[in-house]
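K.L.:
Okay, here's the prediction I keep looking at, along with the sequence it came from:
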Amino acid sequence: MKKVALLFAAILCSGMAVSQAKAAQIQEAPSAVSGLKAVKVTKKSVQLKWKKSKHASGYQVLQYNAKTKKFKKVKSTTKRTYTVKKGLKKNKAAKFMVQAYQKQGAVKKYAPYSEVVSVYTLGSKKQNVKEINFTQSTITAEEGAVFKLKTKITPNKKAASKAVRFFSSNSKVAEVASNGLITAKKEGKVIITARAHNGVSSKINLFILAKEYKPEVHKIKRIEDTQVIARSSNSLKIKWKKRGHVDGYKIYKYNNTKKKYLLYKNIKGKSKTSAVISKLSKDVNYSFVVQGYRERAGFSVYGIKSRVVSGCVGGGSYTNATSIHFGKSDYTVMEDEKLKLDCLIEPANVISRAITYESSKEEIATVAPDGTVTGHEIGKTYIRAYSHNGLSVRVPVRVVENTKYADKIPVLCFHRVVSDSLKKTKFPKNQWVASVSDFEQQMKYLYDNHFTTLTLDEFYTWYKGKKKLPANTVVLTFDDGDYEFYHLAYPILKKYNLKATMFIVGSQTKETTEEYKDVETSYYLGWDKINEMKKNYPNISFQSHSFNMHYARKQLAVYELTLAQIYQDFESNRLSGIANKNTYQYMAYPFGGFNEDVVYCAKKYKYKLAFDFGPFRKATRNDSVYHIPRIAITGQLSMEDYKKRILQWR
């Protein structure tokens, strides 16, 4: 009796410690939601997406009501995306906000509201902004400088709103007004974000320099739109785009003897935009670069040199390019795939067919010197091609989802597998019991159709976005630990070299496994067979189905147990696993049931993922860490339905 009292006191103290720790953990308020934007818009729906808020346990989506002139909550969710289907009208702006919250018992602690996004449905006269870009890639300025940022939006004419909001990542380094006016305050780096009405955004790096101006860092822009034009039979003309913050330009000509560019001409005056190069020979391709400079405190500060341009004089056998164009008006490439652009230069006797390329968004796609484009992320970039003498043309390149990679993976859930005769005589209508013949047919289908099966560690790596997997990938999981798994399912998995995970119930897992009997009674795997399988076939792992929460009386165990009792169940499972050299990193909730306390304990024990038993769809990278869905593969399933659940279910 004394021991029982001591045990109860220990559990109670443990529960109090957990409760106190939990309370301490959630006292810190969640941060405001950022990055809210409309990612998909149709005629009847708007899909919103936002970034994760620190310390948040959930989010509420609010929609503006024109009649009440107030924002009203339309949904509470634990996910970071939500599709709105109500309250949308053609040619009317729908406005949304998202607010993070954290539960503290029955009380919710709310973060400040997010920025408002305004969206028009597809088919409206006004269009949502698709892209927003700064006119520069980086900006350098001195302390105390005041200047205005410029952006371009797409579409330009039909955009619902051309208004752009600006934000500074560090207002102590640089402040930015709502109209894009920058005030440089002190030396450092800051990121300026520009956001359109529907949340589409773009970022730019801003470097603030100390008052002591340094020659190696400056704010003179690179010389652009440089071209070479034949002026006569012995002279060329070089022209370029005017730049600000300069006192003149320097032209460098390539020296074949010294194999480098040497200063050829110094053009003083910031208004100059061309120069003539004389005393040249026919049929020679001369190369040049142009650089802006500024005089300051006794030294020259230089900008970035222009791209190389070259050309020949007139009257010879060869001529400069008169046109450059792509073979198509746009191109499409899949992620991680390559595409060779077909860019043509005319005329036939052009002195150089060299082409240089650049991508406007290298994070989406890069382009090699030979015109080979490699897709990286889904989106659109522009590839610009330049002829030797500076003519240019650009073409849109869209990077699309690579259909050979999985963006969704079905996590299949099996239960008990028995002999054909036992299924027929004892379990003909029991969906949780399958025949070994049906099971083998299902596994053979995966093998014959070259499906990739995963361990949960491999699935977790994919889930975290650190690994790409083939589109035909599945995860095989089994619940409960029925001992027929060793005798019937395990040999089939080995036969087809498939990977799987068994979720076992700790209290049902004894030291040794019962001798196999083809009977109705349920028996469970013991540690002897589990360790044998782990040693002989590492493609199978054994994870947690709780220690003793796999029961349902009037309600599921998780709903009738206290936090302290649930915590003790996790601790008992951990100790049981350690005693048998088995570490639990993943969990399947018993009967798919879970609540806040179970999730809290899963976090406390550092489980990587937890799987439920529904809503019977494929898992995505956007699913909650502790709410990964699985698809039930029941004992009553036809082969056609089995294929549909793998291939067609969303």
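P.N.:
Received, thanks.

K.L.:
The stretch 101-250 of the chain: strands as residue ranges?
P.N.:
In the stretch 101-250 of the chain, the segments counted as strands under DSSP state E, counting those that start in this stretch are 107-110, 117-119, 131-134, 138-142, 146-148, 151-154, 165-168, 174-176, 181-184, 188-195, 201-209, 227-230, 236-239, 248-255.

K.L.:
between the ones you listed, which gets the lowest average pLDDT?
P.N.:
With a mean of 73, strand 138-142 has the lowest mean pLDDT of the strands of the stretch 101-250 of the chain.

K.L.:
buried ones in that one?
P.N.:
Using 16 or more other CB atoms under 10 Å as the test for burial, strand 138-142 gives 139, 140, 141. Yep, even glycine has a C-beta here, placed from its N, CA and C like the rest.

K.L.:
who's in contact with residue 40?
P.N.:
46, 47, 83 (CB atoms under 8 Å, 6 or more residues apart in numbering).

K.L.:
hey, what's it bridged with?
P.N.:
Beta-bridge partners of residue 40, counted by DSSP bridges, are residue 47.

K.L.:
Check what pLDDT it gets.
P.N.:
Reading off the model, residue 40 has pLDDT 92.

K.L.:
Residue 83 versus that one, what's the distance?
P.N.:
According to CB to CB, to the nearest Å, residue 40 and residue 83 sit 8 Å apart.

K.L.:
for residue 145, same thing?
P.N.:
44 Å.

K.L.:
Please apply the same query to residue 245.
P.N.:
Taken as CB to CB, the span from residue 245 to residue 83 is 48 Å.

K.L.:
cool, residue 180 as well?
P.N.:
Residue 180 sits 32 Å away from residue 83, going by CB to CB.

K.L.:
what's the answer for residue 512, then?
P.N.:
When residue 512 is compared with residue 83 (using CB to CB), they lie 52 Å apart.

K.L.:
who has more neighbours, those two?
P.N.:
Per other CB atoms under 10 Å, whichever of residue 512 and residue 83 has more neighbours is residue 83, with 14 against 10.

K.L.:
Make sure the more buried one is actually in contact with residue 44.
P.N.:
No. Residue 83 is beyond contact range of residue 44, at 10.0 Å (criterion: CB atoms under 8 Å).

K.L.:
what number of residues lie near residue 381?
P.N.:
24.

K.L.:
Confirm for me that residue 263 is in contact with residue 252.
P.N.:
Yes. Look at residue 263 against residue 252 with CB under 8 Å: they come within range, at 5.7 Å.

K.L.:
between the two, which one's more packed in?
P.N.:
Neighbours per residue, other CB under 10 Å: of residue 263 and residue 252, the larger number sits with residue 252, 19 against 10.

K.L.:
Can you tell me the closest non-neighbouring residue to the more buried one?
P.N.:
Sequence neighbours aside, residue 261 is the residue nearest to residue 252 in space, at 3.9 Å (criterion: CB to CB, 6 or more residues apart in numbering).

K.L.:
Which residues are in contact with that neighbour?
P.N.:
Residue 261 makes contacts with 252, 253, 254, 255, 287, 288, 289, as judged by CB under 8 Å, 6+ apart.

K.L.:
partner residues bridging it?
P.N.:
In beta-bridge terms (that is, DSSP bridges), residue 261 pairs with residue 254.

K.L.:
So it versus residue 199, what's the distance?
P.N.:
Applying CB to CB, the value for residue 261 to residue 199 is 46 Å.

K.L.:
what do you get for residue 381?
P.N.:
Distance from residue 381 to residue 199, counting by CB to CB: 20 Å.

K.L.:
what's the answer for residue 346, then?
P.N.:
Distance, residue 346 to residue 199, by CB to CB: 44 Å.

K.L.:
for residue 291, same thing?
P.N.:
40 Å.

K.L.:
And those two? Which one has more around it.
P.N.:
Each of residue 291 and residue 199 has its neighbours counted (other CB under 10 Å); residue 199 has more, 23 against 20.

K.L.:
Leaving out sequence neighbours, find the closest residue to residue 514.
P.N.:
Spatial nearest neighbour of residue 514, chain neighbours left out: residue 523 (4.3 Å); criterion: CB to CB, 6+ apart.

K.L.:
Please enumerate the helices of the protein.
P.N.:
Assigned by DSSP state H, the helices in the chain fall at 2-25, 420-426, 436-448, 456-463, 484, 490-495, 527-536, 557-560, 563-579, 596-604, 639-647.

K.L.:
would you turn these into TSV with mean neighbour count, distance to residue 505 and mean pLDDT?
P.N.:
Formatted as TSV, the helices of the chain follow (neighbours: other CB atoms under 10 Å; distance: least, CB to CB, whole Å; pLDDT from 0 to 100):
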stretch	mean neighbour count	distance to residue 505	mean pLDDT
helix 2-25	12	20	45
helix 420-426	14	22	96
helix 436-448	16	21	97
helix 456-463	19	17	96
helix 484	21	15	97
helix 490-495	16	18	97
helix 527-536	16	12	96
helix 557-560	16	11	90
helix 563-579	18	9	94
helix 596-604	19	15	94
helix 639-647	14	25	93
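
K.L.:
quick one, which of the ones you listed is nearest to residue 66?
P.N.:
Across those, residue 66 has its closest neighbour in helix 596-604 (36.1 Å, CB to CB).

K.L.:
Which pLDDT value belongs to the residue nearest the centre of the chain?
P.N.:
The chain has residue 465 as the residue nearest its centroid, 7.1 Å off, counting by CA atoms, centre = their mean. The model reports residue 465 with a pLDDT of 88.

K.L.:
before we move on, what about the one 10 residues further on?
P.N.:
For residue 475, the model assigns a pLDDT of 98.

K.L.:
low pLDDT regions in this structure?
P.N.:
Low-confidence segments of the chain (pLDDT under 70): 1-28, 137-138, 210-219, 296-301, 650.

K.L.:
How about residue 39, nearest residue that isn't a chain neighbour?
P.N.:
residue 49 (4.6 Å).

K.L.:
Report the contact partners of that neighbour.
P.N.:
For residue 49, the contact set (CB under 8 Å, 6+ apart) comprises 35, 36, 37, 38, 39, 80, 81.

K.L.:
Could you report the neighbour count for the second one?
P.N.:
Going back to what we said before, that points to residue 36. Residue 36: 24 surrounding residues under other CB under 10 Å.

K.L.:
farthest-separated two in the contacts of residue 261?
P.N.:
255 and 289 (12.4 Å).

K.L.:
The two: who's more crowded?
P.N.:
Taking other CB under 10 Å, residue 255 and residue 289 do not tie; residue 289 has more neighbours (19 against 12).

K.L.:
one step back: turn the contacts of residue 261 into CSV, including distance to residue 59.
P.N.:
Below are the contacts of residue 261 laid out as CSV (distance: CB to CB, whole Å):
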residue, distance to residue 59
252, 57
253, 61
254, 59
255, 63
287, 57
288, 57
289, 53
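
K.L.:
which among those residues gets closest to residue 274?
P.N.:
The nearest one, if we look at the contacts of residue 261 relative to residue 274 and count by CB to CB, is residue 288, at 12.1 Å.

K.L.:
could you list every residue that touches that closest one?
P.N.:
226, 228, 238, 251-254, 261, 264, 277, 308-310.

K.L.:
let's see it at 10 Å
P.N.:
Taking CB atoms under 10 Å, 6 or more residues apart in numbering, we find residue 288 in contact with 226, 228, 236, 238, 251-254, 261, 264-265, 275, 277, 306, 308-311, 390.

K.L.:
give the contact list for the residue lying closest to residue 504 once chain neighbours are set aside.
P.N.:
Spatial nearest neighbour of residue 504, excluding adjacent residues (CB to CB, 6+ apart): residue 481 at 3.8 Å. Contacts were defined as CB under 10 Å, 6+ apart; by that measure residue 481 touches 416, 502-506, 508-509, 513, 522-526, 529-530, 542, 545, 550.

K.L.:
which of these are buried?
P.N.:
For the contacts of residue 481, a neighbour count by 16+ other CB under 10 Å gives the buried set as 416, 502-506, 508-509, 513, 523-526, 529-530, 542, 545, 550.

K.L.:
In strands, which of the residues you listed appear?
P.N.:
Counted as lying in strands by DSSP state E, out of those, are 416, 502, 503, 504, 542.
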